[in-house]
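>>> Sequence plus the predicted model coming up.
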Amino acid sequence: MMRAFETNKRQVKFADSYGQEQTYITIKLPLALRTTSEKENGKVLEELISSSSFSSDIVTKKDKIRVKVELVRKWFEGPVNDIIRHIEDLLKQPEIRQVSTLILVGGMAESCYVQEKIRYAFSSKRLIIPKDAGLAVLKGAVVFGHQPLSISVRVMRYSYGIEMFKRFNCTKHGSSLKVEVEGKAYVDNVFHVFVRAGDTVKVGQEVTHFSSPVNKEFSLYPIYRSVCSDPKYTTESDCEMVGLLTLKHVGQDDFESKKVKLTMIFGNTELVVKAEGIDTEEKSSSAFNCLME
């Protein structure tokens, strides 16, 4: 039933055309659905539909159910309008403002309604819909798995960085953020950015920063991300922690004079973070999933 529903749903058009009026989509009803409906609700399917808010949009006839096309179009409206707004926002960016061709892929790309709505919204663009558009993403993932370098650059969806202490600067930081550590003024929860949302990075691109240990035994580096291109503090609502990297130090009395090299490696499906002591053998690394929601 669901396969039949998906097939019929994809045939619904944005508007009736060529003189062929499309009023209903028809789906065959399994007997088990009727039986289960009556058992669970104590009413036959027709009674349930007639007492619902869809009574004027859905009708049953023998072993079939018919749904008005206008209702199906309403199901599409919200998601499709969101897609269109997202594409419009992307096309406003200077880097892709001159794009003249759009490629429509994914399961929804096989819907006539989606195709026509996007073609109408971007009439000045060339729209390409590949054969088996619903499988294009899967095929792309397989190609990437065998040939990772087939994707040469990525546009970062998030800003990535670490949470750290920074020396208090009265021209940059509010006095309420100041904390005292061993008689020195610092600011806590600072988002130290390595790469910003919207930046373009090559596969394997490394970004390095240096820091000083604040603890004799170990250093902790919380890894954060944010949808904001210029996050200031990790306590902001759109920031989230993705992991924690720990670097153990060999006992040194002069640890404050030492430097730690922090490296983030971008461009793959995982974010790799490395920490190593300068002039020491201290090393630590970890990988974090960049595809998580």
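Perfect, I can see it now.
>>> And what about K117, helix, strand or coil?
Classification of K117 using DSSP: H, G, I helix; E, B strand; the rest coil returns helix.
>>> and it, how many neighbours does it have?
21 (other CB atoms under 10 Å). All C-beta atoms are positioned from the backbone trio N, CA, C, and that covers glycine.
>>> For L135, give me its contacts.
Residues near L135 by CB atoms under 8 Å, 6 or more residues apart in numbering: none.
>>> mind running it again at 10 Å?
By CB atoms under 10 Å, 6 or more residues apart in numbering, the contact list for L135 reads V105, G106, G107, E110, V142.
>>> Would you convert the residues you listed into TSV that also reports secondary structure, neighbour count and distance to I128?
Below are those laid out as TSV (DSSP: H, G, I helix; E, B strand; the rest coil; neighbours: other CB atoms under 10 Å; distance: CB to CB, whole Å):
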residue	secondary structure	neighbour count	distance to I128
V105	coil	19	9
G106	coil	15	13
G107	helix	14	17
E110	helix	20	14
V142	helix	11	20
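>>> Go through stretch 184-197 and flag the buried ones.
Using 16 or more other CB atoms under 10 Å as the test for burial, stretch 184-197 gives Y186, V187, D188, N189, V190, F191, H192, V193, F194, V195, R196, A197.
>>> contact partners of stretch 143-152?
With CB under 10 Å, 6+ apart as the test, stretch 143-152 has contacts from G140, K202, V203, G204, G267, N268, T269.
>>> separation between the second one and L244?
Using CB to CB, to the nearest Å, one gets 27 Å for the distance from K202 to L244.
>>> Also the fifth one?
Noted for G267: a distance of 22 Å to L244, by CB to CB.
>>> likewise the fourth one?
Look at G204 and L244: by CB to CB, they are 23 Å apart.
>>> show me where the stretch 51-200 of the chain has strands.
Along the stretch 51-200 of the chain, the segments classed as strands by DSSP state E, counting those that start in this stretch run 58-61, 64-68, 101-103, 126-128, 153-155, 159-167, 178-181, 184-195, 200-202.
>>> What pairs with the helix or strand following the last one, parallel or antiparallel?
It stands for strand 200-202. The helix or strand immediately downstream of strand 200-202 is strand 205-211, counting by DSSP states H and E. Here strand 205-211 is paired, per DSSP bridges, with strand 260-266 (antiparallel).
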